[in-house]
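In: This is the structure alone, sequence omitted:
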């Protein structure tokens, strides 16, 4: 009842302000409690990380690592904060976040607004140790060497996180997606991997890709992605197919329900091209959605936009529901279900 009331009130507030209020509530201890849900069926290993369950929070919700204690008390099996850039930057002009309630979706054009790597590293140094926490790495918009920015953020923040994600797939920083090209990506990842080698702990490195890629582009990324530990599929899309909201034509990346099929097809195709573990993202709003991503080839999943419409209890609902679906189908552990329905998405 309290959560529904809170969601109703926040839905009447400017979306970016509502998001800020949600972060403030978590910092004040008003979010879910009890910690990650787990069971023998849900316990997972992802790129060497031991997860209590495979349901994660995607980057973008807690950009500045301000609500780590509150989020660690939630049901999520792992958390990803950021994206962080070497220097603070304000991002794109407001308004830059739009609810598409009719489509259960959102469009954002934030442009990597964040407090900068040093401020974020200071907060991560005080992180709760009981949670699995990663950082999304980004580049400054006006950087002379964007590839070097990713390594710089890892050097600053890497000692305080359990994994890091190279984000070359945001559509909101001009020409950032060009770094998904094979030569550029190979050079960028080499710099990030060299930076990881200098860390006190060798954390896994993930790569987050766009959903608007051809099979040839996916194959080229797989070939170039040497030395990383997992791929996140996918970021937001530039497509606008079938939307009904008045905000449908706003510039930026589309997330939420309309992204589900597109991102799941990319995930399934990717799973035929690489042996790396995959994290499925895009349009997950229920346990059935999460289960579909897993059966399409994902070892773990992440969500964000659906929280806008369902609230923070959604993570617990998905984890419990996923456990029931696995039990129904006779799987003793979620790893057994990975890729079992891939062909339906190819």
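Out: Yep, it's here. As the structure is a computational prediction, the values presented were derived from the model and not from experiment.
In: Can you tell me what sits against stretch 170-182?
Out: 83, 92, 108-112, 138-139, 141, 146-147, 168-169, 184-185, 188, 209-210, 213, 217, 220-221, 223-224, 235-238, 252-253 (C-beta atoms under 8 Å, 6 or more residues apart in numbering). C-beta: built from backbone N, CA, C; applies to glycine.
In: Can you select the buried ones among the residues you listed for me in PyMOL?
Out: Under the burial definition 16 or more other C-beta atoms under 10 Å, those of these that qualify are selected in PyMOL by:
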select buried, resi 83+92+108+109+110+111+112+138+139+141+146+147+168+169+185+188+209+210+213+220+221+224+235+236+237+252+253
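In: Among the contacts of stretch 170-182, which lie within strands?
Out: Per DSSP state E, strands hold the following members of the contacts of stretch 170-182: 83, 108, 209, 253.
In: With distance to residue 193 and pLDDT as extra columns, can I get those residues in CSV?
Out: CSV is the format used below for the ones in strands among the contacts of stretch 170-182 (distance: C-beta to C-beta, whole Å; pLDDT from 0 to 100):
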residue, distance to residue 193, pLDDT
83, 19, 97
108, 29, 97
209, 17, 94
253, 27, 97
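In: farthest-separated two in these?
Out: 108 and 209 (17.8 Å; C-beta to C-beta).
In: Confirm that residue 207 sits in a strand.
Out: Yes: assessed with DSSP: H, G, I helix; E, B strand; the rest coil, residue 207 lies in a strand.
In: so it bridges to which residues?
Out: Using DSSP bridges, the beta-bridge partners of residue 207 come out as residue 166, residue 231.
In: Residue 224 is in contact with that one, correct?
Out: No: Residue 207 lies out of contact with residue 224 (C-beta atoms under 8 Å); the separation is 9.4 Å.
In: Quick check: neighbours shared by those two?
Out: Counting by C-beta under 8 Å, 6+ apart, the residues touching both residue 207 and residue 224 are 185, 189.
In: sorry, back to before: if we take the ones in strands among the contacts of stretch 170-182, which one ends up nearest to residue 308?
Out: residue 108 (11.0 Å).
In: Bridging across strands, which residues link to the closest one?
Out: Applying DSSP bridges to residue 108 gives these bridge partners: residue 97, residue 253.
In: give the contact list for the nearest residue to residue 260 once chain neighbours are set aside.
Out: Distances taken as C-beta to C-beta, 6 or more residues apart in numbering put residue 283 closest to residue 260, at 2.8 Å, once the chain neighbours are dropped. Contact partners of residue 283, counting by C-beta under 8 Å, 6+ apart, are 255-261, 263-264, 289, 305-306.
In: Turn these into JSON lines, including secondary structure and neighbour count.
Out: Formatted as JSON lines, the contacts of residue 283 follow (DSSP: H, G, I helix; E, B strand; the rest coil; neighbours: other C-beta atoms under 10 Å):
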{"residue": "255", "secondary structure": "strand", "neighbour count": "27"}
{"residue": "256", "secondary structure": "strand", "neighbour count": "25"}
{"residue": "257", "secondary structure": "helix", "neighbour count": "18"}
{"residue": "258", "secondary structure": "helix", "neighbour count": "24"}
{"residue": "259", "secondary structure": "helix", "neighbour count": "23"}
{"residue": "260", "secondary structure": "helix", "neighbour count": "19"}
{"residue": "261", "secondary structure": "helix", "neighbour count": "15"}
{"residue": "263", "secondary structure": "helix", "neighbour count": "26"}
{"residue": "264", "secondary structure": "helix", "neighbour count": "27"}
{"residue": "289", "secondary structure": "helix", "neighbour count": "22"}
{"residue": "305", "secondary structure": "helix", "neighbour count": "28"}
{"residue": "306", "secondary structure": "helix", "neighbour count": "22"}
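In: which one of those residues is nearest residue 332?
Out: residue 289 (22.2 Å).
In: what residues are up against that closest one?
Out: Going by C-beta under 8 Å, 6+ apart, the list of residues near residue 289 reads 260, 283, 318.
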